[in-house]
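Trainee: structure for the following, please:
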Amino acid sequence: MAERVRGLREVLYDPHDVPSPVFAGTVLWVALFFFPLPLLLFIHWWLHQQPETTVWLRLVSAITGLDWRVAVAAAVTSGICLGLAFWLIRNLADPNLIEFVQSITDRAGLERWQREILWIAPAVIVPLVLFRKAGIIELALLAGVESALAATKRIERFPRKEINLVPADLAAEVEQLRKLQGDVVTYSWSFAPIPERQPETFSLQIAFNPSRLGEVEQRPRQRETESDWIRFIRTDLGTPEVVALAAALNEIHEERKWTPFQRCRNVLALLESFDADETVEKPKFALETFYERCGSAGDIIVAAITLLKALKETVPEVVLVMDRDRRNVGLGIAGAEDMPESFQGFTFSGRTYFFVALRMVEVDGVKKWRWSWQPVPERWHPITVLNVG
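Mentor: Alright, predicted model coming up:
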């Protein structure tokens, strides 16, 4: 839980997000690398020899207050820290300041470029060891820093920022649909949050407004150009039924404390439970696909992007991918930067995406769609990527 003290949200860490060794590694990284290690290397450069044991004893004595100069320095430093803390408290009304302070905590882990720079440390310490300019203290510190390097990762603030998926003007109608006032549709699907384990079974129900389903019939059905695809996706983004389905899914996600990527995979697993239909006479909007639980590959793609967009920042960014002829479509899911190249799909606007397409299979005599995570096929190039905001 998080409590507010004078408007400042306390920063807590969930054990699922930050295991103890990872948190300890981050503390070691901050405490060891930025302070003692550079200081010891400077001492070696200055003295050209390993400091004697008495030097360290004198340093300990000075820190405990036996040296008045250190005591004065400590008092000045403490005064500055207290003054900064007082100034922060007086200025907590500034949201930019709060965001800045929280960002420091959120980014306590290492960035990728910082990890690469830190590997210079062994190149510095090895010559010192060969020329007998490094002792057990430096080696122990270096080992601690390298251990921290292996353990640290970006720390996320928990609880995460609350995201309201239901706009105020739709709250009343969404509540009615979740109370099953209308044509009720039941969803049942299987999903394995950890792929190596057995999948779990999930189910939920929402209602559809019959009059709105009738209105969908009057919409233009052309879905050929880029603007047509964008219109198909955007039309149902604010539909109460889609919002209600997103809110129901989000409750499952929050209860299980799934990561954004697990939540995205769960949405795709839900859509895999729909029947496959390649003989549809007209393209379907997302509202129809969710109501009928059936659709073509294009229908399922439109429904997937619509639902993922309705889940907002709780899931990774998703884009629409079209082949060179604009006949086949797939999904681009952000977050593939740190994956091997064989798992990466494509790069768009400085971000690396997974590429996900649909393939048809037959399960117990019923045709189903299955998501295929793969590189972009050569026949698709050059691809067109559409970001439906």
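
Trainee: who touches stretch 202-216?
Mentor: Outside stretch 202-216, the residues within contact range by C-beta atoms under 8 Å, 6 or more residues apart in numbering are 173, 176-191, 239-241, 244-245, 248-249, 252, 266, 270, 285, 287-288, 291. Placement of C-beta: from N, CA and C, glycine included.

Trainee: so of those residues, which ones are in helices?
Mentor: Applying DSSP state H to the contacts of stretch 202-216, the entries found in helices are 173, 176-178, 240-241, 244-245, 248-249, 252, 266, 270, 287-288, 291.

Trainee: out of these, which end up buried?
Mentor: Using 16 or more other C-beta atoms under 10 Å as the burial test, these include 173, 177-178, 240-241, 244-245, 248-249, 266, 270, 287-288, 291 as buried.

Trainee: in this protein, which spans are strands?
Mentor: Under the criterion DSSP state E, the chain contains strands at 4-5, 8-9, 183-191, 200-208, 275-276, 294-295, 318-322, 329-334, 346-348, 351-363, 366-373, 384-386.

Trainee: count of residues packed around residue 213?
Mentor: Residue 213 has 16 neighbours, counted by other C-beta atoms under 10 Å.

Trainee: distance of it from residue 172?
Mentor: According to C-beta to C-beta, to the nearest Å, residue 213 stands 19 Å off from residue 172.

Trainee: hey, what's the nearest residue to residue 180 once chain neighbours are set aside bridged with?
Mentor: Sequence neighbours aside, residue 207 is the residue nearest to residue 180 in space, at 4.7 Å (criterion: C-beta to C-beta, 6 or more residues apart in numbering). Counting by DSSP bridges, residue 207 is bridged to residue 184.

Trainee: low-scoring stretches of the stretch 201-350 of the chain, by residue?
Mentor: 280 (pLDDT under 70).

Trainee: let's see it at 90
Mentor: Low-confidence segments of the stretch 201-350 of the chain, defined by pLDDT under 90: 217-218, 221-225, 238, 257-261, 276-282, 313, 325-327, 335-344, 349-350.

Trainee: one more: the stretch 51-200 of the chain?
Mentor: Within the stretch 51-200 of the chain, the segments meeting pLDDT under 90 span 51-164, 194-197.

Trainee: apply 80 and report the result again.
Mentor: Under the criterion pLDDT under 80, the flagged ranges of the stretch 51-200 of the chain are 51-162.

Trainee: burial of the closest residue to residue 245 other than its chain neighbours, as a residue count?
Mentor: Spatial nearest neighbour of residue 245, excluding adjacent residues (C-beta to C-beta, 6+ apart): residue 206 at 5.5 Å. By the criterion of other C-beta under 10 Å, residue 206 has 25 neighbours.

Trainee: for residue 206, give its distance to residue 248.
Mentor: Distance from residue 206 to residue 248, by C-beta to C-beta: 6 Å.

Trainee: anything in contact with each of the two?
Mentor: residue 178.

Trainee: ranking the strands of the chain by burial, who's on top?
Mentor: Of all the strands of the chain, strand 329-334 has the most neighbours on average by mean count of other C-beta atoms under 10 Å, namely a mean of 24.

Trainee: list the neighbouring strands of that strand plus their orientation.
Mentor: With DSSP bridges as the test, strand 329-334 is paired with strand 318-322 (antiparallel), strand 351-363 (antiparallel).

Trainee: including distance to residue 374, could those go into a markdown table?
Mentor: Below are these laid out as a markdown table (distance: least, C-beta to C-beta, whole Å):
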| stretch | distance to residue 374 |
| --- | --- |
| strand 318-322 | 12 |
| strand 351-363 | 6 |
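
Trainee: out of those strands, which is closest to residue 275?
Mentor: strand 351-363 (9.7 Å; C-beta to C-beta).

Trainee: tilt between that closest one and strand 366-373?
Mentor: Orientation check (axes from the mean of the first three to the mean of the last three C-alpha atoms, to 10 degrees): strand 351-363 against strand 366-373 gives 160 degrees.

Trainee: pull the CA atoms of strand 351-363 into PDB?
Mentor: The C-alpha atoms that make up strand 351-363 are tabulated as PDB, following Å, rounded to 0.1, in the frame of the first residue of the first chain:
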ATOM      1  CA  ARG A 351      12.000   1.600 -30.600                       C
ATOM      2  CA  THR A 352      12.400  -2.100 -31.200                       C
ATOM      3  CA  TYR A 353       9.200  -4.200 -31.500                       C
ATOM      4  CA  PHE A 354       8.200  -7.800 -31.500                       C
ATOM      5  CA  PHE A 355       6.300  -8.900 -34.600                       C
ATOM      6  CA  VAL A 356       3.200 -11.000 -34.000                       C
ATOM      7  CA  ALA A 357       1.100 -12.500 -36.800                       C
ATOM      8  CA  LEU A 358      -1.800 -15.000 -36.900                       C
ATOM      9  CA  ARG A 359      -1.900 -18.500 -38.200                       C
ATOM     10  CA  MET A 360      -4.900 -20.900 -38.400                       C
ATOM     11  CA  VAL A 361      -5.000 -24.200 -36.600                       C
ATOM     12  CA  GLU A 362      -7.800 -26.800 -36.000                       C
ATOM     13  CA  VAL A 363      -8.600 -27.700 -32.500                       C
END
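
Trainee: give me the contacts around it.
Mentor: So strand 351-363 is contacted by 268, 276, 278, 297, 300-301, 317, 319, 321, 328, 330-337, 339, 343-347, 367-376 (C-beta under 8 Å, 6+ apart).

Trainee: rerun at 6 Å
Mentor: Residues outside strand 351-363 that contact it (C-beta atoms under 6 Å, 6 or more residues apart in numbering): 276, 297, 330-334, 336-337, 344-346, 367-373, 376.
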